[in-house]
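K.L.:
Coordinates for the following, if possible.
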Amino acid sequence: MKLRERYRRLTLLNKICFWGAVLAFPSIILTVYFRCIPSSYETEMLERTKAVQNQTASRILSPDQKRIIIKRIKVFESGSLSIQVVASDIEALQFARNLEALFKTAGWEVKSLAITNLVGYGLDIWAGSSQSLEKARAISEAFDAAGLDARISNKGVNFDNVIITVGSKQ
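P.N.:
Purely as a prediction, here's the structure:
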């Protein structure tokens, strides 16, 4: 009986607040429950975000990749090359600097690291003479063994040096 007496003494505003809270409780639980289950839109947005992050992530050579490349290109201890980077791509420049350090570690002479106006994706290896073509093939095979895609081109090129062009990330 005491509960009924207390309830009767409540003002109208208190009664409205009390019943509002009682009725809101299930809706709060349902909201929390359904919020924990991602919608298809949220799932799609998460997948797109991960895809963009993967595309913009830096190309980094693992220690195993470095070891494989160094082992294969060390055959040409007197090797020399130049590295070019596509303009306005910071990620490509960082990767080119990593390649420069890798080739220097292998005993190669890196004549230059320059920015070029060429536009491209991935790694291109340019060779003009038969000697540089042999070195370019060795570099390409080393990159392939390490899981990097590289293309060799020697058409219309007339120089004795090997040039690696680092393009934007694909």
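
K.L.:
Would you check that residue 169 makes contact with residue 59?
P.N.:
Yes: with contact defined as C-beta atoms under 8 Å, residue 169 reaches residue 59; the gap is 6.1 Å. The C-beta positions use only the backbone N, C-alpha and C, and glycine is treated the same way.

K.L.:
Now for those two: what residues contact both?
P.N.:
Both residue 169 and residue 59 are contacted by residue 91, under the criterion C-beta atoms under 8 Å, 6 or more residues apart in numbering.

K.L.:
Break the chain into its domains for me.
P.N.:
According to automatic domain parsing, the chain comprises the domains 2-56, 63-166.

K.L.:
if you compare those domains, which one is most tucked away?
P.N.:
Among the domains of the chain, ranked by average contacts under mean count of other C-beta atoms under 10 Å, first place goes to domain 63-166 (a mean of 16).

K.L.:
residue contacts, the closest residue to residue 79 other than its chain neighbours?
P.N.:
Nearest-residue entry for residue 79: residue 108, 4.3 Å, with adjacent residues in sequence omitted and distances by C-beta to C-beta, 6 or more residues apart in numbering. By C-beta under 8 Å, 6+ apart, the contact set of residue 108 is 73, 76-77, 79-81.

K.L.:
all helices for this protein, in order.
P.N.:
For the chain, the helices defined by DSSP state H occupy 2-9, 12-36, 40-56, 63-73, 90-105, 130-145.

K.L.:
how about these in TSV, adding mean pLDDT and distance to residue 153?
P.N.:
Converted to TSV, the helices of the chain look like this (pLDDT from 0 to 100; distance: least, C-beta to C-beta, whole Å):
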stretch	mean pLDDT	distance to residue 153
helix 2-9	71	88
helix 12-36	70	54
helix 40-56	76	25
helix 63-73	92	19
helix 90-105	91	17
helix 130-145	88	9
